[in-house]
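K.L.:
Dropping a prediction and its sequence here:
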Amino acid sequence: MMETMEIKPQEIIDIPNIRDVDVSELLDRVKKAADEKRRFVTMTALDRGDHFEVLYHFDRDLHLEHLRVRVPKGQTLPSISSVYLAAFLVENEIKELFGLEITDIAIDYQNHLYLIEGVEPAPMAKDKPLE
Amino acid sequence: MSNRTVIPFGPQHPVLPEPIQLKLELQDETVVSAIPHIGYVHRGIEKAAERMEYTQNVFLVERVCGICSFIHALCYCQAIEQLQNIEASPRAKYLRVIWSELHRLHSHHLWLGLFADAFGYESLFMQFWRNREMLMDIFDKTAGSRVIISTCAIGGTRRDISDVHLQEILDTLDEVEKQLDKTLPVILNDYTVKKRTVGIGKITREQALELGAAGPVLRANGVAQDMRQLGYAAYGELGFEPVTENDGDCYARAKVRARECYQSVELVRKAIRQLPDGEILTKPKGRPKGQVISRVEQPRGELLYFLSADGTNRLDRLRIRTPTFANVPPLVAMLPGCELADVPVIVLSIDPCISCTER
């Protein structure tokens, strides 16, 4: 049976090797990662209420490094698919499931990678019911 | 006169058992470009993980994929263990290697059978799958289930493997290896198979790295990268070295998986020989708090779990990046320039698992 007791949330400690970057310098940082031959692994989006946190994970020789941008809700994030084409799929996923507008994705599925017409958008957003 | 057409390949196709569609733009019989479409089986498992308690998620993540269920649970449990600052016992670590490698072995058999079937070699398909049945029987005996075995737990393993069953595993692996010696040369040395795979669906080492390839797709381009090199579970004590090939084509990807079958057999034998005595479960304390990334090697490549936990009994976020998700962009690069008839073989060569991809 599911336990109902909840414990008050505490401050979350970051993963190691993470660098905070501003949205305006994101593409330059990503180009630098590409120049340094880092392999793009994936991106992770987190809904933080008034803003999104987006993490970019890169690997070199089995060591992970991460960039993090914070994007206020209602603002846009530039696609990195012009640098790492591999990002197009996960960028479409984040755009569709979180409702974060990502611009200039190399292949843009226009919110129909997973969702079909008539389905409520952004199902991964925190304000969407879990049931 | 040119004849440019667009052909929808999938999501239902006689050769492809996975629900993915490729919109192929063709110049006569030659593929010019391919746009992948998924979304037929998306289940929202990442969202469901926020609703369930973190202990229940072990069973949830196993259901991401029926082929490598144990490895999903392992990746998740290792992440929670890091957050709770606990370590699985030495015996549990070895048991985790044994079940992981048996999963890899049965997955590669499944793929080899499908690959043979793609060429119309139905008898060979059945022989690979008959071989695979012996491995599925091991799961049945050691876990009581063939597909979702639920033996991995936070802090170790939920079940032990008895000495009788360890001996049965060794005997089965002898037979599996004997059968591989018979069947693998048929597929790897066959004229037709070589004609259909050598130089087909080729990408360069640079493309593989730039496009974020994972697993055998990456290693078939000479990149010696395998998450087992991180030494998780007991891999650090087993002298693991990744299998690589250099040609970056469908044949090289098949060869990597074929050689990995033998490697898995050896790893299980070694793990059984070195299996220490002791407890199998370390009791977790407290609740997970913080952010962590856990990476393991699935049969299809690197599996990454990102967890964010705030000290409650539910996770703030669970992110799962599976290897097929990473191998879709390389697939898009493999197709231009190939003949339409080669498309099924090229798609199969990445060993696609759309169940993993769509979570």
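P.N.:
Right, received. Where do you want to start?

K.L.:
can we go C-alpha only for contacts and neighbour counts from here?
P.N.:
Will do.

K.L.:
now the helices for chain B?
P.N.:
B:45-51, B:57-62, B:69-84, B:90-118, B:122-143, B:163-189, B:191-197, B:205-210, B:216-219, B:250-274, B:323-334, B:343-349, B:354-358 (DSSP state H).

K.L.:
Does B:P288 touch B:I80 like I think?
P.N.:
Yes: contact criterion C-alpha atoms under 8 Å: B:P288 and B:I80 qualify, at 6.3 Å.

K.L.:
out of the two, which sits in the more crowded spot?
P.N.:
Each of B:P288 and B:I80 has its neighbours counted (other C-alpha atoms under 10 Å in any protein chain shown); B:I80 has more, 29 against 24.

K.L.:
give me every residue that touches that one.
P.N.:
Counting by C-alpha atoms under 8 Å, 6 or more residues apart in numbering or on different chains, B:I80 makes contact with B:154, B:288.

K.L.:
can you tell me how far it sits from chain A?
P.N.:
13 Å (C-alpha to the nearest C-alpha, to the nearest Å).

K.L.:
hey, what's the residue in the stretch 151-300 of chain B positioned nearest to chain A bridged with?
P.N.:
Residue nearest to chain A within the stretch 151-300 of chain B (C-alpha to the nearest C-alpha): B:G290, separated by 4.4 Å. Residues in a beta bridge with B:G290, per DSSP bridges, are B:A309.

K.L.:
Could you report the neighbour count for it?
P.N.:
The burial count for B:G290: 21, using other C-alpha under 10 Å.

K.L.:
Hmm, A:D14 and it touching each other?
P.N.:
Yes: look at B:G290 against A:D14 with C-alpha under 8 Å: they come within range, at 6.4 Å.

K.L.:
Would you mind finding the most buried of the helices of chain B?
P.N.:
helix B:216-219 (a mean of 32; mean count of other C-alpha atoms under 10 Å in any protein chain shown).

K.L.:
I'd like the distance between the residue of the stretch 151-300 of chain B closest to chain A and B:D310.
P.N.:
Counting by C-alpha to C-alpha, to the nearest Å, the separation of B:G290 from B:D310 is 6 Å.

K.L.:
how far is the helix or strand of chain A with the lowest mean pLDDT from where the chain is centred?
P.N.:
The helix or strand of chain A with the poorest confidence is strand A:18-20; it has a mean of 91 (mean pLDDT, DSSP states H and E). The chain centroid and the centroid of strand A:18-20 are separated by 14 Å under C-alpha atoms, centre = their mean, to the nearest Å.

K.L.:
got it, and stretch A:19-28?
P.N.:
Using C-alpha atoms, centre = their mean, the offset of stretch A:19-28 from its chain centre is 13 Å.

K.L.:
What would that stretch look like as CSV? C-alpha coordinates only.
P.N.:
Below are the C-alpha coordinates for stretch A:19-28, written out as CSV (Å, rounded to 0.1, in the frame of the first residue of the first chain):
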residue,chain,number,x,y,z
ARG,A,19,28.6,25.1,-15.0
ASP,A,20,25.9,27.7,-15.0
VAL,A,21,25.7,29.7,-18.2
ASP,A,22,23.5,32.5,-19.4
VAL,A,23,21.1,31.8,-22.3
SER,A,24,23.0,34.5,-24.3
GLU,A,25,26.3,32.7,-24.0
LEU,A,26,24.9,29.1,-24.4
LEU,A,27,25.7,28.6,-28.1
ASP,A,28,29.3,29.8,-27.6
